[in-house]
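Student: From the sequence below, what's the structure:
(chains A and B)
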Amino acid sequence: MMSEEIIKDVIVGENEDYIINMGPQHPSTHGVLRLEVCLKGETVKYLIPHIGYIHRGIEKMCEAITYPQIIHLTDRMDYLSAHINNEAVCMVVEDAMQIEVPERVKYIRTILDELNRIASHQLWWCAFGMDLGALTSFFYGLRDREYILDIFEESFGSRLLHSFVAPGGLMHDVHPNFQKRTKEFIKYFKTKLPEYDQLLTGNIIFQNRAKGIGLMSRETAIGYGVTGPSGRGSNLACDVRKIAPYGAYDKVQFNEILETGCDVFARYQVRMAEMWESMSIIEQLIDNIPEGEFTAKMKPIIKLPAGEYYRRVETARGELSVYVVSDGNKSPYRMKFRTPNFSNLFVMNEIASGYKIADLIAISGSLDLVIPDIDR
Amino acid sequence: MLNKEEISEIIRTLVPEAVFPEGTQLLEVIVPAEKIFPIAEQLKTDSRLAFDYLISQTAVDFVSKFTVVCHLDSTQFRHLIVLKAELVDRENPAIDSLTALYPTAEFFEREIFDLFGIRFNNHPNLKRLFLEDNYGYPLRKDFRDEVNIIER
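Tutor: So this is what the prediction gives:
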């Protein structure tokens, strides 16, 4: 009894908080994010995210440049959903100028959205496996993502930051090989996606790391504005493609994936199932792309009528909404991007407190954060 | 699901002083700045409206005034409303915080404070989010930065 008391006195900091900085340079934060983590032993008591390391003032820059130029800045927010970000800005401009884009454009945009979503989820899957210590998943995911990036490169000339969408349509028509190669990819990836499940989903070590960790109730998700696969893992129906269909989403049949597990594994399952849904959407559209123009007739200088415009789209990580205040000039008076990762990040204190520090890596991985999207 | 007229009718009975501008893309309502918290509380708790999801909160500098803009959504009915409040005081703009209703507002409000210098009463942790403490408020229209921004 006596000796135990002495030992307790000797352990320095037994009753003190221990604060460490995770980041700004840390492999598991996937960018320059600093988490100030307060620990009690190995358990996280609370954490404070510090952001702003890659703040470029995109909203301020938008006030000085024209709408076609703004599209190139939105690539640099969520670089893994570049195409979907571009589309959001274009749709705001089209709404304001009351331009009806050709059917062909809607189909191609939707197919590219879904290809972009698959590529993004593949990269998330690689990195998530690596966060948890499984290196092989990184090679599997990047190998298959190459196919999509090659399709993008052939059509747009760029692999990551496309800026392929222009107000009124597309920059230019897609490459003649586009349909053939996309169908080849779908056929190929349908044989490869079950391998992902064999490698990670059914793995008992992985399941023990992911199940029951980072519980986020539906109420928490709504309160913190968590959207995308992270929100749908908590049974929150928040898919903008269903709520307010845009592009060709009203012409296809697809399910909104909802899971009731609320934990890291539920968010993992949502993303895996979404890859199947995205492939199904592409399959429904790829053979039916109508012939026609690749862009509507546009004036050389784009000026929005004075007023306020708002548009929301579903990126790979959740709801992106664009709010534009125009005073009738060729650059916006005020432009606000409500980015999905901004809201998804700040729920972390709520859902990671009380778990071990190793689980913190799994939780931050399951939220699929892209840091430039938070800082803008 | 209610349409725009029905929602504005309900809000008129709840909040007589609300103003509904004409010809807007979404349903907008302008409320007095000092009453934004009780009004948002009514919008959230009224079972016919149930605006429980704050999509985004931001501000616009119209030089003569600041407008705080909140986009609200209902996860139950999926209708949208834009809640606006105008602040005339440029020297010391302040408005009530919505953090007690929507936890996500804490960070949107820190961003607005960082970029516009609008203070939020009853905010748990009103600190700058992106920039350094002595930077100025870049999204104000009278912001000048001779070092980093070249005027053309």
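
Student: only C-alpha atoms for contact and neighbour calcs from this point on.
Tutor: Will do.

Student: got the residues of chain A near chain B?
Tutor: With Cα under 8 Å from any Cα of the partner chain as the criterion, chain A meets chain B at residues A:50-53, A:55, A:60, A:222-225, A:237-238, A:243, A:307-310, A:334, A:336, A:338, A:343, A:346, A:375.

Student: Report the buried members of these.
Tutor: Among those, those buried by neighbour count (16 or more other Cα atoms under 10 Å in any protein chain shown) are A:50-53, A:60, A:222-225, A:237-238, A:308-310, A:334, A:336, A:338, A:343, A:346, A:375.

Student: from those residues, which ones fall inside strands?
Tutor: Mapping these onto strands (DSSP state E) picks out A:50, A:308-310, A:334, A:336, A:338.

Student: Could you find the closest non-adjacent residue to A:Glu291?
Tutor: Closest residue to A:Glu291 apart from its sequence neighbours, by Cα to Cα, 6 or more residues apart in numbering or on different chains: A:Arg104 at 6.3 Å.

Student: following whatever helix or strand the one you found lives in, which helix or strand comes up?
Tutor: Under the criterion DSSP states H and E, the helix or strand holding A:Arg104 is helix A:103-131. Next helix or strand after helix A:103-131 toward the C-terminus (DSSP H and E): helix A:136-156.

Student: buried sites along that next one?
Tutor: Quick answer for helix A:136-156 (16+ other Cα under 10 Å): A:137-138, A:140-142, A:144-145, A:147-149, A:151-152, A:154-156.

Student: So out of everything in the stretch 51-200 of chain A, what residue is nearest chain B?
Tutor: Proximity of the stretch 51-200 of chain A to chain B (Cα to the nearest Cα) peaks at A:Gly52, 4.1 Å away.

Student: where along chain B do the helices fall?
Tutor: B:4-14, B:36-45, B:105-116 (DSSP state H).

Student: would you put the C-alpha positions of stretch A:276-285 in PDB?
Tutor: The C-alpha coordinates for stretch A:276-285 follow below in PDB (Å, rounded to 0.1, in the frame of the first residue of the first chain):
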ATOM      1  CA  TRP A 276     -20.700   1.100 -56.900                       C
ATOM      2  CA  GLU A 277     -23.500   3.700 -57.200                       C
ATOM      3  CA  SER A 278     -21.300   6.000 -59.200                       C
ATOM      4  CA  MET A 279     -20.400   3.200 -61.600                       C
ATOM      5  CA  SER A 280     -24.100   2.500 -62.000                       C
ATOM      6  CA  ILE A 281     -24.900   6.200 -62.800                       C
ATOM      7  CA  ILE A 282     -22.100   6.300 -65.400                       C
ATOM      8  CA  GLU A 283     -23.300   3.000 -67.000                       C
ATOM      9  CA  GLN A 284     -26.800   4.500 -67.400                       C
ATOM     10  CA  LEU A 285     -25.500   7.600 -69.100                       C
END
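
Student: Now tell me what touches that stretch from outside.
Tutor: Residues outside stretch A:276-285 that contact it (Cα atoms under 8 Å, 6 or more residues apart in numbering or on different chains): A:107, A:111, A:114-115, A:117-118, A:183, A:186, A:252-255.

Student: Of those residues, just the buried ones, ChimeraX syntax please.
Tutor: For the buried members of the contacts of stretch A:276-285, the matching ChimeraX selection, counting by 16+ other Cα under 10 Å, is:
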select /A:107,111,114,115,117,118,183,186,254
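
Student: Identify the farthest-apart pair in the contacts of stretch A:276-285.
Tutor: Distance extremes for the contacts of stretch A:276-285: the farthest pair is A:Lys183 and A:Asn255 at 21.1 Å, using Cα to Cα.

Student: quick one: the residue nearest in space to the middle of chain A from A:Met272, how far?
Tutor: In chain A, the centroid-proximal residue (Cα atoms, centre = their mean) is A:Arg317; its distance is 2.6 Å. Distance, A:Arg317 to A:Met272, by Cα to Cα, to the nearest Å: 13 Å.

Student: A:Tyr79 too?
Tutor: In terms of Cα to Cα, A:Tyr79 sits 20 Å off from A:Met272.

Student: out of the two, which sits in the busier spot?
Tutor: Neighbours per residue, other Cα atoms under 10 Å in any protein chain shown: of A:Tyr79 and A:Met272, the larger number sits with A:Met272, 22 against 19.

Student: From A:Asn255, how far out is the more buried one?
Tutor: On the measure of Cα to Cα, A:Met272 and A:Asn255 end up 13 Å apart.

Student: Show the low-confidence segments of chain A, by residue range.
Tutor: Residue ranges of chain A with pLDDT under 70: A:1-15.

Student: Break it down into its domains, please.
Tutor: Annotated domains of chain A cover A:2-49, A:57-370 [automatic domain parsing].

Student: Pick the most buried one from the ones you listed.
Tutor: Mean neighbour count (mean count of other Cα atoms under 10 Å in any protein chain shown) peaks for domain A:57-370 among those, with a mean of 20.

Student: Could you work out the end-to-end span of that one for me?
Tutor: 17 Å.

Student: which one is the closest residue to chain B within the stretch 101-250 of chain A nearest to, not counting chain neighbours?
Tutor: Nearest to chain B in the stretch 101-250 of chain A, going by Cα to the nearest Cα, is A:Tyr224, at a distance of 4.3 Å. Excluding the flanking residues, the one nearest A:Tyr224 by Cα to Cα, 6+ apart is B:Thr104, at 4.3 Å.

Student: now A:Ile302
Tutor: A:Lys330 (6.0 Å).

Student: So that neighbour sits against A:Ile301, correct?
Tutor: Yes - counting by Cα atoms under 8 Å, A:Lys330 touches A:Ile301, with 7.3 Å between them.

Student: Give me the pLDDT for B:Ile55.
Tutor: B:Ile55 carries a pLDDT score of 90 in this model.

Student: got it, and B:Arg90?
Tutor: 83.

Student: which phi and psi does the nearest residue to it once chain neighbours are set aside have?
Tutor: For B:Arg90, ignoring the flanking residues on the chain, the nearest one in space by Cα to Cα, 6+ apart is B:Lys65 at 7.1 Å. Dihedral pair for B:Lys65: phi -160, psi 160, per degrees, to the nearest 10.

Student: what number of residues lie near B:Lys65?
Tutor: 14.

Student: so what's it scoring on pLDDT?
Tutor: 89.

Student: which residues does it contact?
Tutor: By Cα under 8 Å, 6+ apart, the neighbours of B:Lys65 are B:86-90.

Student: State the distance from it to B:Tyr102.
Tutor: Distance from B:Lys65 to B:Tyr102, by Cα to Cα: 25 Å.
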